[in-house]
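> Dropping the sequence and predicted coords here.
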4 protein chains.
Amino acid sequence: MAGSTYGNIFKITTWGESHGKALGVVIDGCPAGLELSEEDIQRYLDRRKPGTSTVTTSRKEEDAVEILSGVFEGRTTGTPISLMVRNTSQISRDYSEIASCYRPGHADYTFDEKYGFRDYRGGGRSSGRETVGRVAAGAIACKILEQLGVTVCAYTRSIGPVEADMEKFDRAAILRTATAMPDEEADRLAVQYMEEVRHATDSSGGCMECRVEGLPAGIGDPVFEKLDANLAKAVMSVGAVKAVEIGDGCLVSRRRGSENNDAFRMANGKVRKATNHAGGILGGISDGDMIVVRAYVKPTASIFRTQQTVNQSGEEIDINIKGRHDPVIVPRAVVVMECMTALTVLDAMLLNLSARMDSIVRFYRSE
Amino acid sequence: MAGSTYGNIFKITTWGESHGKALGVVIDGCPAGLELSEEDIQRYLDRRKPGTSTVTTSRKEEDAVEILSGVFEGRTTGTPISLMVRNTSQISRDYSEIASCYRPGHADYTFDEKYGFRDYRGGGRSSGRETVGRVAAGAIACKILEQLGVTVCAYTRSIGPVEADMEKFDRAAILRTATAMPDEEADRLAVQYMEEVRHATDSSGGCMECRVEGLPAGIGDPVFEKLDANLAKAVMSVGAVKAVEIGDGCLVSRRRGSENNDAFRMANGKVRKATNHAGGILGGISDGDMIVVRAYVKPTASIFRTQQTVNQSGEEIDINIKGRHDPVIVPRAVVVMECMTALTVLDAMLLNLSARMDSIVRFYRSE
Amino acid sequence: MAGSTYGNIFKITTWGESHGKALGVVIDGCPAGLELSEEDIQRYLDRRKPGTSTVTTSRKEEDAVEILSGVFEGRTTGTPISLMVRNTSQISRDYSEIASCYRPGHADYTFDEKYGFRDYRGGGRSSGRETVGRVAAGAIACKILEQLGVTVCAYTRSIGPVEADMEKFDRAAILRTATAMPDEEADRLAVQYMEEVRHATDSSGGCMECRVEGLPAGIGDPVFEKLDANLAKAVMSVGAVKAVEIGDGCLVSRRRGSENNDAFRMANGKVRKATNHAGGILGGISDGDMIVVRAYVKPTASIFRTQQTVNQSGEEIDINIKGRHDPVIVPRAVVVMECMTALTVLDAMLLNLSARMDSIVRFYRSE
Amino acid sequence: MAGSTYGNIFKITTWGESHGKALGVVIDGCPAGLELSEEDIQRYLDRRKPGTSTVTTSRKEEDAVEILSGVFEGRTTGTPISLMVRNTSQISRDYSEIASCYRPGHADYTFDEKYGFRDYRGGGRSSGRETVGRVAAGAIACKILEQLGVTVCAYTRSIGPVEADMEKFDRAAILRTATAMPDEEADRLAVQYMEEVRHATDSSGGCMECRVEGLPAGIGDPVFEKLDANLAKAVMSVGAVKAVEIGDGCLVSRRRGSENNDAFRMANGKVRKATNHAGGILGGISDGDMIVVRAYVKPTASIFRTQQTVNQSGEEIDINIKGRHDPVIVPRAVVVMECMTALTVLDAMLLNLSARMDSIVRFYRSE
């Protein structure tokens, strides 16, 4: 209940602090018989790695994953999969300054209020490194989804004022560009913008987007477990996200029904919507169209200039944050959004297996 | 797991269809000893009622609540509270047309795909009437929160292009205005706008906002059960909501860290933020400041003009929706947002009781 | 979390007190497309009814069930099924005596300690009437299981010293005999024994047993969600049950491995055990054999003779319990055990749908 | 959902196979501020270790625990505690024989039926080594309970026909005797009995018991989350347990109410029961008296003589099991029972923090 478990059937539990011994995740409920290797997972973790560009930190993070259980002779056994990444490059330097004061925009103060004290080294559990476990688990979810014909793809939509042009959407560019933008021209402008931001000892916010394709209609549950509600939770749970949109999102509030309704049409013998303002979800259930989710991310809280704050003794002080930090979070958070989306969609698909009597009878009667 | 249960400690389960016999909710986990009467709940349900203005439907909905269990001699007993509202004014007219075709913007198609068939009368379970159970349970959550010093207040922020002026925020106006706006001038303009929309046989979207005041710092859990993540889910689970913002929301994506960070300051011996871009939540945990959540609502899908769609036989057809519908959902959804927020905040507060050893020892050792 | 919800996929929430307005249950997660009528449920509720024999109370309980939601045109829709039974014959007489004192063997004292006060009318939530909701929900679970080829059958194994002879097991006798024994000769002796017990103003304990047949191998999950662990919880949660056995139960503690191991053999091309000491479960997972569960029930706590107790003021007093009570709980609890077993087995079968990649791929790829 | 998570507030997730790289557990929801070291946990793991006597296996299991997260400067931080034990002495020998056949009394067949294949090395996830995670987590639960004034103590009640004499109950003997019996005389007889059993290449069942002292009245929830129901699940989930009793257990079925009811009396100004047939629980809620739980354990399935079974190809074959196995499970399972009981009781105590309005108001209003 304390917050580090996610999912109902495909259930993950993450653990670990920024500067602790290790970080990891236990996946319980992974179906048996999936071929799985450390490489499958490492590929996703590598997307979290800081690069060498100006848009990410210069810290080194190796993050080599180890499968500790749940895989036998190259296949998942149906029992818990434990994944671990040892912390190797977190040199615990002198944290005495931040130990006793509250960095603006960080969770130092709220953790202290909740728990009475905190692991202050590098943000502890509230560090972005916490997402290692999400990504390791999400890699497995993505692999399963692929076998079910579903692809999940996240990318950077904007950094500060620089927006990717969706008309020029180039999927291959996402993995190639420093910003994870699907538009190389925008990427260049964004990198330029970030150089300016860094020079100004500042940081920038941004926006990321995720698409789910190939998802059949009928996934998600009514009322509280709507697919969009769970996607909103999944994405908002990623540190620094302050807004989530489905489909046309905020824009719908200014529209009229006649503009916003998506007409149903037939295409190749299948029901399809003429437009997709809805972002692929109606009444909380997938409609067979592409799912579109957007997340708005605040600028990195750690900036290299003097800021006002208070310390644990209640004194107003100035603070100068040291260390190496991403000047914009989005490019490295894109894979986290992709993984949270995949975990959410997969769990909804597994829950959906029990939606109808006829398929349950078929499962048990034909065996 | 099928979606109609919400909450961990204060757990609610709603049930009922638009045109079924009744709608209701069971609340399990309500603390014992709360004074509770049907009037406490009725007051909230009445805010859901269609009014007589042009912004709501002309349908009559009485929605008289009955407490069936869990209250004895005027106080909650700690056992499940069952609340029921009989459906009285849902005259089941001829639904043969919508029975076999898919209304644009509605969940008809997705329910059919998921379950194989659906209760088509008035939208069945995907009707806005489903929120009766949420509001009945939320009324109790609000009453408990009041006793803990926490107030929750939702209102209409905008309807179509007409926005309330937050500088003129007038809490009393929320219950007085037809639009539930906290600004009477904007209300007048919005009503005018809606008359035009109705005349054009169309509908409008809008935006609603909710404030939580008096919440102590330390509420919410790290990682997946962040307070903002749960608020996002709670609010996105309300039908027609397509985007959720916390604090400054989408705006942060264009900001720099130096603009967006809230400095910590001391005020009356307490740690307080100089600004509240964060919307009262840092690292998923409340920081003692006002919580601000915003929800963007799509225009009512039911409009009184011919629309293109398909039927269950896969034929492209024209559809003309009949019945009485709210031309804008927001004014009646405001209380639903307030209730979902209250349920989420209360549950997080109850979970927080076990956060620290010292308070647990105090609880059990001093008895 | 407060205890009135059971199950993961097929999830039920019961509510109601002995002398409140009504009792009921909400079932969320019932698969869509099951034919269901009030008669299907009433049949099970009628088995809870007190009869006219000497082994049950002379109280009248009509317990007519009403389906309030989740069923449309005779079939389940996949949305919550709300079932209600109005309390009609609970005449609230003078409870002033038991209101302030603690009946031996009852939950009066523990409810007061937990909640600070209690609904003392007829035991409130701790009354045996609470099982109305379990049986109503269990009736649906049984109907689904039948369609999956699984039958669940509970009966009285013993009352006081009188034991049914399992060699003469007669299924039809269960519904025919006053004691719900599968052996008419034992039934006669038990009725005779109970007459003596009543005459002595006393009550008797007993034992009930439940068999599950037709369950395929592979149902149940390792470690904490073992099928036997969940059956133990399900059955122990029925009031007055003080012990649960699976298969040979307590006897195994005195055995040697060579006596207790069930050899595997082939029969009609299928793996079968030569004996069934295990009671159909190995490692927490069904083995395809008959599941056997046994529950030991204490004598009715309400007896018509003077007993020693204390009151809320901490005074030692004598108490004389009035009212009409079953002199032995078992005959009416048999259907409750059957229902709890059915709910547990069905939920495990629904969870099992996601155990293997190959069947998940088949489900989503062949649609 | 797949079975390796236990608890609601104090939630544990175990992982690992007998012959995998490691075994472990993640505890989420441990209150912050508890002093915790690896020694605290190691002490409990050491009680699982095979000894040098004739009653346990001659295998060596070092089982050194490592705390990977959740503890900072010697105290729990409120975030997930990850504990790991590397498998060091599990020499993976030739498993080709058991790989393809089903050992009687083991879960080989049921795992194959459920998952399609299994990790056959040493039983994989269904091995008794799985309890390493339970004990590591339980050690923390026990430490918290101690600080709340609650002690949990399990011991061997009987081995085969040899029973400990409860009149001579000697707590210190539990840790001293090879059998974990609280009676040295019975221990001697049991060791003698086990020598005979071993000589006969056989194994023996037994019975273990657990006492909880110092638990206040009011712990546990009505209906499905009764304290006894959860204890039954907790204990039955331990491999090889086939029956669970609370208080007088099976015996109550032959009793009369006048014999079985525990009269309430006053003692030192407190309500106390004159007897404790109930085993400390009334209506699923603790009554302030000692909780007594008993578990009946089957004889070790692995015996060193030829047994009949079938293989994966459906052929009837003879099997001769090799390896080193405990001839009786009970002495090493006693600490597992103690830990499962502690986890269950602690979770119920944490849930109970939100039972009453007055204490919640006090918590939030006095801060």
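Good, I have the coordinates.

> Okay, now the unreliable bits of chain A?
The model of chain A has pLDDT under 70 over residues A:1, A:51-54, A:57-61, A:89-94, A:367.

> Show me what from it comes close to chain C.
Residues of chain A lying near chain C by Cβ under 8 Å from any Cβ of the partner chain: A:8-10, A:29, A:31-34, A:76, A:78-79, A:144, A:147-149, A:216, A:222, A:349-351, A:353-361, A:363-365, A:367. (Each C-beta comes from the backbone N, C-alpha and C, glycine too.)

> Now do the contacts for the residue in the stretch 1-150 of chain A that chain B sits nearest to.
With Cβ to the nearest Cβ as the measure, residue A:107 is the residue of the stretch 1-150 of chain A nearest to chain B, at 2.4 Å. Shown in contact with residue A:107 (Cβ atoms under 8 Å, 6 or more residues apart in numbering or on different chains): A:123, A:126, B:222, B:282, B:283, B:284, B:285.

> try residue A:303
With contact taken as Cβ under 8 Å, 6+ apart, residue A:303 is in contact with A:201, A:202, A:203, A:321, B:257, B:258, B:261.

> ok now do the fifth one, which residues does it touch?
Yep, that's residue B:257 we're talking about. Contacts here follow Cβ under 8 Å, 6+ apart; on that basis residue B:257 touches A:105, A:202, A:203, A:204, A:299, A:300, A:301, A:302, A:303.

> Out of the residues of chain A next to chain C, which end up buried?
Neighbour-count burial (16 or more other Cβ atoms under 10 Å in any protein chain shown) applied to the residues of chain A next to chain C gives A:8-10, A:29, A:31-34, A:76, A:78-79, A:144, A:147-148, A:216, A:222, A:349-351, A:353-357, A:359-361, A:363-364.

> Also within reach of chain D: list those from these.
Counting by Cβ under 8 Å from any Cβ, A:8, A:9, A:29, A:32, A:33, A:78, A:79 from these sit close to chain D.

> Who does the fourth one form a beta bridge with?
With DSSP bridges as the criterion, the beta-bridge partners of residue A:32 are residue C:356.

> Check which residues of stretch A:24-43 are buried.
Residues of stretch A:24-43 classed as buried: A:24-34, A:36, A:40-42 (neighbour count, 16+ other Cβ under 10 Å).

> What's the end-to-end length of it?
Start-to-end span of stretch A:24-43 (Cα to Cα, to the nearest Å) is 16 Å.

> before we move on, the earlier item: let me know the closest of the ones next to chain D among the buried ones among the residues of chain A next to chain C to residue B:329.
Distances from residue B:329 to these, taken as Cβ to Cβ, are shortest for residue A:8 (29.2 Å).

> hang on, the earlier thing: now the residue of the stretch 1-150 of chain A closest to chain B: phi and psi?
Note on residue A:107: backbone dihedrals following degrees, to the nearest 10 are phi -90, psi 10.

> Nearest to chain C: which residue in the stretch 101-250 of chain A?
Nearest to chain C, among the residues of the stretch 101-250 of chain A, is residue A:148, at 4.6 Å (Cβ to the nearest Cβ).

> With adjacent residues omitted, what lies nearest to that residue?
residue C:364 (4.6 Å; Cβ to Cβ, 6 or more residues apart in numbering or on different chains).

> and the one you found, what are its phi and psi?
Dihedral pair for residue C:364: phi -90, psi -20, per degrees, to the nearest 10.

> tell me the contacts of it?
Counting by Cβ under 8 Å, 6+ apart, residue C:364 touches A:148, A:149, A:216, A:349.

> need those in JSON lines with secondary structure and distance to residue A:187, can you?
As requested, the contacts of residue C:364 are exported to JSON lines (DSSP: H, G, I helix; E, B strand; the rest coil; distance: Cβ to Cβ, whole Å):
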{"residue": "A:148", "secondary structure": "coil", "distance to residue A:187": "31"}
{"residue": "A:149", "secondary structure": "coil", "distance to residue A:187": "30"}
{"residue": "A:216", "secondary structure": "coil", "distance to residue A:187": "33"}
{"residue": "A:349", "secondary structure": "helix", "distance to residue A:187": "33"}
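
> Which pair of those spans the longest distance?
The largest distance within the contacts of residue C:364, taken as Cβ to Cβ, falls between A:149 and A:349 and amounts to 10.6 Å.

> Going along the chain, name the helices of the stretch 51-200 of chain A.
Using DSSP state H, counting those that start in this stretch, the helices of the stretch 51-200 of chain A run over A:96-99, A:108-115, A:131-147, A:171-176, A:184-199.

> Make CSV from those and add distance to residue C:66 to it.
As requested, those are exported to CSV (distance: least, Cβ to Cβ, whole Å):
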stretch, distance to residue C:66
helix A:96-99, 62
helix A:108-115, 46
helix A:131-147, 43
helix A:171-176, 55
helix A:184-199, 61
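
> Tell me which of those sits nearest to residue B:97.
The closest of these to residue B:97 is helix A:131-147. By Cβ to Cβ, the value is 37.8 Å.

> List the buried residues for that closest one?
Under 16+ other Cβ under 10 Å, the buried positions of helix A:131-147 are A:131-145, A:147.

> Ok, stretch A:56-72 next?
Neighbour-count burial for stretch A:56-72 flags A:56, A:57, A:61, A:63, A:65, A:67, A:68, A:69, A:70, A:71, A:72 (criterion: 16+ other Cβ under 10 Å).

> Those residues also near chain D: which ones?
A:67, A:68, A:69, A:70, A:72.

> Hmm, residue A:352 is touching residue A:225, no?
No - at 10.8 Å, residue A:352 does not count as touching residue A:225 under the criterion of Cβ atoms under 8 Å.

> which residues do these two both contact?
Shared contacts of residue A:352 and residue A:225 (Cβ under 8 Å, 6+ apart): none.

> element containing residue A:317, please.
Assigned by DSSP states H and E, residue A:317 falls within strand A:316-319.

> Packing partners of that strand?
strand A:307-310 (3 or more Cβ pairs under 8 Å, 6 or more residues apart in numbering or on different chains; DSSP states H and E).

> Check whether the strand it packs on comes near chain B.
Yes - applying Cβ under 8 Å from any Cβ, one finds strand A:307-310 in contact with chain B at A:307, A:308, A:309, A:310.

> number of nearby residues for the closest residue to the second one other than its chain neighbours?
Yep, that's residue A:308 we're talking about. Once flanking residues are discounted, residue A:308 sits nearest to residue B:263: 4.1 Å by Cβ to Cβ, 6+ apart. Residues lying near residue B:263 (other Cβ atoms under 10 Å in any protein chain shown) number 17.

> now swap in residue A:269 and tell me
Number of residues near residue A:269 (other Cβ under 10 Å) recorded here: 6.

> go on, the one 10 residues further on?
Residue A:279 is flanked by 25 other residues according to other Cβ under 10 Å.

> Looking at the buried residues of stretch A:56-72, spot the one nearest residue C:210.
Nearest to residue C:210, judged by Cβ to Cβ, of the buried residues of stretch A:56-72 is residue A:70 at 33.7 Å.
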